[in-house]
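1. How does the following fold in three dimensions:
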Amino acid sequence: MSTTPEYEKLLSELMAGELKKIERKILEALLQAPNGLNRKGLIRVVFGEEAQNNLGNDTRDRKIRKGIESLRNCLIPIVSSSGRAGKGLDNNPETIEGMIREWESRIAHLQQKWMRLGITITCP
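-> Prediction:
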């Protein structure tokens, strides 16, 4: 998969130590927000700045997403749902299972689309 120069720069900044700082700030922010925070709220707390209207073009949003991905890989229970905006810490097994079922549903939906195009992809 090819990447843009902007994305390559973002990745190099994260690998140069910024990711750990972002992870710590995300955890601190979510511990202070029992109801969770939306993407713009996380940008405001983690970076001390307001988010752009178009989050798709905001590299700070992408960095936060990478930070959340890294924390989840360390089994930190940061949950989200398409049913409500935001991310939060939640160790309730039902909430975590609900998020996993939602992800599985998205995967199945994408696999069906790809199959219609003649592309076969399986998940481990």
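2. roughly how far is stretch 106-124 from the heart of the chain?
-> Offset of stretch 106-124 from its chain centre (Cα atoms, centre = their mean, to the nearest Å): 22 Å.
3. Can you pull out the low-pLDDT segments for the chain?
-> 1-2, 81-85, 121-124 (pLDDT under 70).
4. Where do the strands of it begin and end?
-> Per DSSP state E, the chain carries strands over the ranges 78-81, 84-89.
5. Out of those, which gets nearest to Ile119?
-> Among the strands of the chain, strand 78-81 comes nearest to Ile119, with 27.1 Å by Cβ to Cβ. Quick note: C-beta positions are derived from backbone N, CA and C, even for glycine.
6. any chance of the strands of the chain in a markdown table, with mean neighbour count and distance to Arg24 too?
-> What follows is those, written out as a markdown table (neighbours: other Cβ atoms under 10 Å; distance: least, Cβ to Cβ, whole Å):
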| stretch | mean neighbour count | distance to Arg24 |
| --- | --- | --- |
| strand 78-81 | 18 | 13 |
| strand 84-89 | 16 | 14 |
